[in-house]
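Chemist: When you get a sec, could you give me coordinates for this:
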Amino acid sequence: MKLSLSLLFAVILLPLGALAQSAPAARQDPAVLRATAEQFLQMQTAGLPGQVTLTLGKLDARINLPACDAPQAFMAPGARAWGKTTVGLRCNAPAWTIYLQAQVLVLADYVASAMPLTQGQPIVASQLVLQRGDLATLPNGVITDTAQAIGRSLSMSLAAGAPLRLDILRSKNVVQQGQLVRVISSGEGFKVSAEARAIGSASEGQVVQVRTPGGTMLSGVAKAGGLVEVVF
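Modeler: Here you go, the predicted model:
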């Protein structure tokens, strides 16, 4: 009778042990990965103007990853959370990396020309208009505040409705060509001032050439108030 019971227990325990060995490991929940990517993008876009809308792509249903206690989201060097982009998701232990497509829309007001504007033309408020659109689809450097453009000039002509960019705006000239300016010359142990005539125009901080009454040509840095600073 003892032998029969031993055989019975062996028969019962063998399948249970085999079942335990073949039990599948825990798999990564795709919903956790999407939530991690979304939270990462929200942090990356927190400082953007206007209304930000995030759309995440779908994970491939065939992906079957081991569960990760702390998946991390990242972006490739140089990538931006802007327009069509890609978010990486990785785990250190067990080690794996996957990528998720995303779309970042930034709906905001931006500054555009209300009429055709010519190169070098000083900009006034009546020449500008605010339009609403997705900044991610517009050229880089589009301005969103008219104060950034008023009083400045353009380095190129623009058609009506064209967005204004920082890289095509020139600062207002503080020295005009032909203007009589005050030249401040300074060096070790001395500082003198004299009048001169500007050869060209320049905004504050730019180098401009001037000619003294005696015909001497000097180069200096344009300053507000019609000043040119020459340092020896």
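Chemist: Double-check Leu56 against Ala37; I have them as touching.
Modeler: Yes - here Leu56 reaches Ala37: they are 6.0 Å apart, a contact under C-beta atoms under 8 Å. From N, CA and C alone the C-beta is placed, and that goes for glycine too.
Chemist: shared neighbours of the two, anything?
Modeler: Counting by C-beta atoms under 8 Å, 6 or more residues apart in numbering, the shared contacts of Leu56 and Ala37 are 87, 100, 102.
Chemist: From the centre of the chain outward, give me the first residue you hit.
Modeler: Residue closest to the average C-alpha location in the chain (C-alpha atoms, centre = their mean): Arg80, at 6.7 Å.
Chemist: In terms of helix, strand or coil, where does that residue fall?
Modeler: Under DSSP: H, G, I helix; E, B strand; the rest coil, Arg80 falls in the coil class.
Chemist: Can you give me the pLDDT of it?
Modeler: Per-residue confidence (pLDDT) for Arg80: 89.
Chemist: which residues in the protein form helices?
Modeler: For the chain, the helices defined by DSSP state H occupy 2-21, 30-44.
Chemist: rank these by pLDDT, which is bottom?
Modeler: Across those, helix 2-21 gives the lowest mean pLDDT, at a mean of 46.
Chemist: what's the angle from the longest strand that the chain contains to helix 30-44?
Modeler: Counting by DSSP state E, the longest strand found in the chain is strand 96-113. Counting by axes from the mean of the first three to the mean of the last three C-alpha atoms, to 10 degrees, strand 96-113 lies at 40 degrees to helix 30-44.
Chemist: where does Gly161 fall, phi/psi-wise?
Modeler: Here is the backbone geometry of Gly161 (degrees, to the nearest 10): phi 90, psi 0.
Chemist: burial of it, as a residue count?
Modeler: Using other C-beta atoms under 10 Å, Gly161 is surrounded by 12 other residues.
Chemist: Who are the contact partners of it?
Modeler: The contact partners of Gly161, taken as C-beta under 8 Å, 6+ apart, are 112-113, 131.
Chemist: ok, the residues you listed vs Ser203, which is closest?
Modeler: Distances from Ser203 to these, taken as C-beta to C-beta, are shortest for Ser113 (20.8 Å).
Chemist: Show me the beta-bridge partners of the closest one.
Modeler: Applying DSSP bridges to Ser113 gives these bridge partners: Leu128.
Chemist: Wait, it touches Ala162, no?
Modeler: Yes - counting by C-beta under 8 Å, Ser113 does reach Ala162; the two are 5.2 Å apart.
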